[in-house]
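Enquirer: Let me see the structure of the following:
(one chain, ligands or ions: 1)
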Amino acid sequence: MKVTYPIGVFDSGLGGLNVLKEMRLMLPNEDFVYLADNLNCPYGTKTETEILRLVGKVIDFFKRLSVKVIVLACNTTSAYLDLIRLRTEIPIIGVIVPTVKAALKASKKKNLAVLATNATVESGVYQKLLYSKIRRKSKKLHFIRCSEFVEAIEAGEVGTDYSRHLVYEKLSSLKECNLDTVVLACTHFDLYQDEIQIVFPEAKLITSGVATAKTLKKLLKKLNLKNQNQKGEVKLLMTGELESFRNRADWILNRQSFEKINLE
Ligand code: DGL
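Expert: Got it, this is the predicted structure:
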């Protein structure tokens, strides 16, 4: 493992770019390789077996590439972090633990809703972590399956009448719950912050980017793997359609170079 190796970042599509953006800001000397498996997006409507099969190929790809750390910038795969770690010696971090910590810190009343993909909600990971810190009897937390948001975001429906309607229809029944905090437990949903804030104008929205970037920074320091001596570069790789991804990735990162790869 060398200090100069890049950091591998994974998501099924655009969502993880929000995490990458924060990691770049916090760690400007690091090289990042971002892999979007957009050919197989969405992951969040797939079974556990299928998700593990797909992410296994991603891990094997990062192994061949020699990355020093892998960041699963995706809640749906982070839900299986312990199993995924068995596949490689490369240190792997996910977004869920940092996001839960950030949510617990930010939420005063612990009136929380967690918006995630169907698979993330079904995995029960957020329930387990949050209820281990919040007494179940005293609070009712809300865990909402929102996989349809992922598909709309990948299709470019952000900041449109359609997206505002979709989000409002899905979430407005929670308005009476007086939520103080809404956890965006899918990295794609960072792109729906405006849509979600319209429904819950008083609530704090918790995203995973900054918290995950801090976790990565600590890990690099602990492993003595921090690159200090250069201006970091980003490489963007994807398995599916290139053009539409390029346009949408520009919203987030302003990047120019993209490469299509095959994970088989
Ligand atoms: N952005 C991902 C997440 O955080 C995955 C969305 C999907 O592919 O369903 O869960």
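Enquirer: going forward, measure contacts between C-alpha atoms and count neighbours the same way
Expert: OK.
Enquirer: which other residues reach the helix or strand containing residue 153?
Expert: Assigned by DSSP states H and E, residue 153 belongs to helix 147-154. Around helix 147-154, the neighbours that count as contacts under Cα atoms under 8 Å, 6 or more residues apart in numbering are 13-14, 42, 44-45, 116-118, 158, 163, 166-167, 188-189, 191.
Enquirer: Enumerate the positions of that helix that are buried.
Expert: Buried residues in helix 147-154, counted by 16 or more other Cα atoms under 10 Å: 147-150, 153-154.
Enquirer: and of the residues you listed, the nearest to residue 33?
Expert: Closest approach to residue 33 among the buried residues of helix 147-154 (Cα to Cα): residue 154, at 20.2 Å.
Enquirer: Show the pLDDT at the closest one.
Expert: Residue 154 is assigned a pLDDT of 88 by the prediction.
Enquirer: Return the residues of the stretch 101-250 of the chain in contact with the ligand.
Expert: Among all residues of the stretch 101-250 of the chain, those adjacent to the ligand (criterion: Cα under 6 Å from any ligand atom) are 117, 147, 150, 186-188.
Enquirer: Redo the residues you listed as a markdown table? Include pLDDT and distance to residue 180.
Expert: Formatted as a markdown table, the entries for these read as follows, by pLDDT from 0 to 100; distance: Cα to Cα, whole Å:
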| residue | pLDDT | distance to residue 180 |
| --- | --- | --- |
| 117 | 98 | 21 |
| 147 | 98 | 23 |
| 150 | 95 | 24 |
| 186 | 98 | 19 |
| 187 | 97 | 20 |
| 188 | 96 | 21 |
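Enquirer: Which two of those have the greatest separation?
Expert: Distances among those were taken as Cα to Cα; the most separated pair is 147 and 187, at 11.6 Å.
Enquirer: Could you tell me the end-to-end distance of stretch 116-125?
Expert: The first and final residues of stretch 116-125 sit 11 Å from each other (Cα to Cα, to the nearest Å).
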